[in-house]
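Participant: Got a predicted model here, sequence first, then my questions.
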Amino acid sequence: MAPSDKPQPALGKAIRQLREKKGLTQEAVAHDAGITTATLGVIERGLSNPTWATLEGIASALGVSMVALAKAAEEA
């Protein structure tokens, strides 16, 4: 089975919810994750899928594991 190129809105929604729950700005999370604010915004809006490395950076910036982030996306 080929990987999906389609964006995953639930992942972006989960990232946004976790970020807002922790009271973090897009700027702070993007900086800590090593990406631009624009990139984080596109991911949060569900318009783009992050690479594994980017996802790992975002999870770290949010203070959660990638597993926790995946579970949050499933629930979103």
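Facilitator: Structure received. Numbers count the residues shown, from 1 in each chain.

Participant: tell me the mean pLDDT over stretch 15-23?
Facilitator: Across stretch 15-23, pLDDT averages out at 97.

Participant: Name the nearest residue to the spatially most central residue of the chain, sequence neighbours excluded.
Facilitator: Among the residues of the chain, the smallest C-alpha distance to the mean C-alpha position (Cα atoms, centre = their mean) belongs to residue 15, namely 4.2 Å. Nearest-residue entry for residue 15: residue 44, 5.5 Å, with adjacent residues in sequence omitted and distances by Cβ to Cβ, 6 or more residues apart in numbering. The C-beta positions use only the backbone N, C-alpha and C, and glycine is treated the same way.

Participant: Pull the strand or helix carrying residue 38 out as CSV, backbone CA atoms only.
Facilitator: Using DSSP states H and E, the secondary-structure element containing residue 38 is helix 37-44. Output in CSV follows, covering the C-alpha atoms of helix 37-44 (Å, rounded to 0.1, in the frame of the first residue of the first chain):
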residue,chain,number,x,y,z
THR,A,37,5.2,29.7,11.8
ALA,A,38,3.7,29.5,8.3
THR,A,39,4.6,25.8,8.1
LEU,A,40,2.9,25.1,11.5
GLY,A,41,-0.1,27.1,10.4
VAL,A,42,-0.5,25.0,7.2
ILE,A,43,-0.2,21.8,9.2
GLU,A,44,-2.7,23.0,11.8
